[in-house]
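Student: Next input, structure requested:
(one chain, ligands or ions: 1)
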Amino acid sequence: MNKYIERVLEETRAKNPDQVLFQQTVEEVLKSVEPLIDAHPEYEAACILERMVEAERAIEFRVVWMDDQLKYHVNRGYRVQFNASLGPYKGGLRFSSKVNLDTIKFLGFEQVYKDALTGLPIGGCKGGSDFDPIGKSDGEVMRFCQAFMTELYRHIGPDVDSPAGDVGVGGREIGYLYGQYRRIMGLSGLGALTGKDVKTGGSILRPEATGFGAVYYLCEALKHDGEEIKGKRLAISGYGNVGWGIMKKAAELGAKVTYFAGPDGYIHDPDGVCTDEKLNFILEMRAKDPMHCKPYAEKFGCEFVEGQKAWGVKDVDIYMPAATQNDVNMDWAKKIAESGVKYYIEVANMPTTNDALAFLKSQKNLVVAPSKAVNACGVAVSELEMAQNAQRLYWTAEEVDAKMHGIMVNIYNSSVKAAEKYGLGYDLVAGANIAGFERVADAMLCQGIF
Ligand code: GLU
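Tutor: Residues are numbered from 1 along each chain as shown. Sure, this is the predicted structure:
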């Protein structure tokens, strides 16, 4: 391995000994950009790697709120502003009991290259809290969001940092956060948050953007092999905004999601989640109880396999992990390889462990695409929301959709080109990392010391 990369990886491990997710993503990205680092000695001279692995700013704060029984609660809030060399910090907020600084740093680091890949002027960051909205009343969620924003407001703004949603943060939470931001600031500050409901300044198609974009990317990968999406069967994990968007767009294009998994097990619906009735049922089921997908099987009379993931099933063409990080480890990766499926398209942020990803990439007949590229349409439409907000106007669904499509085709093509340029052949994972990394590194060089 390139000595410079090796040294920075060692230093990163030593400086962040407990942050295993952060170490995982740094290792994945740095190893895959090796040909780029070899070709650019000026990066080492300017300490580009050392700077890349150090957040520009990491904010941790106390969030105190009161539940419906007037009991006090104390949570921890985070915003890790990783790199703004391409534009204002942009990235979501994750609310989940599992969130800690490690989670937010890993997501923030990934976000830098994802945002760069969109080709839009946005830097990368992430935030969140160990607050778990599941099982909380609307009033409790609102009071938590207000308390969270009472600290966060001083660190964000349309030209500074614009948070959006992620796991546990949807339109409802963004609405409460935005309301509190306006209240404190005494101005509209529309672009200070994205993922807003269309009724309160949001962009049409933002909720669907990540899932739709993932399918647009998939179409490009299929086209490369002379295939088309029509008639394809998909197995996915997750049925949140992203998974739901995949189901909807796949159905529109004549494909179908025949397997989907939730925290309690997986569903096998051979007819696919294709009708409005099924798509609407998933929305209702999720709103009532996001931890169980079994009611879908009961309602539509299909198979539910408790406590299992669908990875390894053979009667599909494409796998798309769209749930959470490290969903697919080495054991699952082996099952995926044995299944003979031809496409492994990551959607959730870092859904594959590093060893599993390397193993899957080494399979001759398997096309592997990375989440940074595949799920970038969510943040891209967030940036389009900021652009609409700045112009004080709304674009139509057709306008937004056309831009989304163009951005995803561009991400796919620039990844393919970057891999070819550095002699890696058809490597969508390294190509995406290199294309994103190069854009950020070059902007940093232009700006001198920062
Ligand atoms: N959380 C999303 C992501 O992982 C969206 C971020 C945004 O819209 O700013 O990219």
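Student: Kindly confirm my reading that Arg62 forms part of a strand.
Tutor: Yes: counting by DSSP: H, G, I helix; E, B strand; the rest coil, Arg62 falls inside a strand.
Student: Find me whatever residue is spatially closest to it, sequence neighbours aside.
Tutor: Once flanking residues are discounted, Arg62 sits nearest to Val74: 6.3 Å by CB to CB, 6 or more residues apart in numbering. C-beta: built from backbone N, CA, C; applies to glycine.
Student: and that neighbour, which of the three is it?
Tutor: Secondary structure of Val74, per three-state DSSP, is strand.
Student: Bridge partners for it, pull those for me.
Tutor: Beta-bridge partners for Val74, by DSSP bridges, are Val64.
Student: give the contact list for it.
Tutor: Residues near Val74 by CB atoms under 8 Å, 6 or more residues apart in numbering: Arg62, Val63, Val64.
Student: so the second one makes contact with Tyr78?
Tutor: No: Val63 lies out of contact with Tyr78 (CB atoms under 8 Å); the separation is 10.0 Å.
Student: what sits in contact with each of these two?
Tutor: Ser129.
Student: neighbour-wise, which of those two wins?
Tutor: The neighbour comparison of Val63 against Tyr78 (other CB atoms under 10 Å) goes to Tyr78, with 24 against 21.
Student: That one and Ala55 touch, don't they?
Tutor: No: counting by CB under 8 Å, Tyr78 does not reach Ala55; the two are 10.7 Å apart.
Student: any residues in contact with both of the two?
Tutor: By CB under 8 Å, 6+ apart, no residue touches both Tyr78 and Ala55.
Student: how about stretch 399-408: buried residues?
Tutor: Val400, Asp401, Lys403, Met404, Ile407, Met408 (16 or more other CB atoms under 10 Å).
Student: pLDDT and secondary structure for those residues - can I get that in JSON lines?
Tutor: As requested, those are exported to JSON lines (pLDDT from 0 to 100; DSSP: H, G, I helix; E, B strand; the rest coil):
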{"residue": "Val400", "pLDDT": "98", "secondary structure": "helix"}
{"residue": "Asp401", "pLDDT": "98", "secondary structure": "helix"}
{"residue": "Lys403", "pLDDT": "98", "secondary structure": "helix"}
{"residue": "Met404", "pLDDT": "98", "secondary structure": "helix"}
{"residue": "Ile407", "pLDDT": "98", "secondary structure": "helix"}
{"residue": "Met408", "pLDDT": "98", "secondary structure": "helix"}
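Student: does the closest residue to His405 other than its chain neighbours belong to a helix or a strand, and which?
Tutor: Using CB to CB, 6+ apart and skipping residues adjacent in sequence, the residue nearest His405 is Tyr216, 5.4 Å away. Assigning secondary structure by DSSP states H and E places Tyr216 in helix 206-224.
Student: Spell out which parts of the stretch 1-150 of the chain neighbour the ligand.
Tutor: Residues of the stretch 1-150 of the chain lying near the ligand by CB under 6 Å from any ligand atom: Lys90, Gly91, Gly92, Lys114.
Student: which of those residues count as buried?
Tutor: Among those, the ones that count as buried (16+ other CB under 10 Å) are Lys90, Gly91, Gly92, Lys114.
Student: So what does the closest residue to the ligand within the stretch 301-450 of the chain have for phi and psi?
Tutor: Residue nearest to the ligand within the stretch 301-450 of the chain (CB to the nearest ligand atom): Ser382, separated by 3.2 Å. Dihedral pair for Ser382: phi -60, psi -40, per degrees, to the nearest 10.
Student: With adjacent residues omitted, what lies nearest to it?
Tutor: Per CB to CB, 6+ apart, closest to Ser382 is Thr194, 3.8 Å.
Student: Can you tell me the element the residue positioned nearest the centre of the chain falls in?
Tutor: Centroid-nearest residue in the chain, with CA atoms, centre = their mean: Asn349, separated by 4.5 Å. Of the helices and strands defined by DSSP H and E, none includes Asn349.
Student: Leaving aside the residues adjacent along the chain, what's closest to the closest residue to the ligand within the chain?
Tutor: For the chain, the residue closest to the ligand is Gly92, as judged by CB to the nearest ligand atom, at 2.6 Å. Once flanking residues are discounted, Gly92 sits nearest to Asp166: 3.3 Å by CB to CB, 6+ apart.
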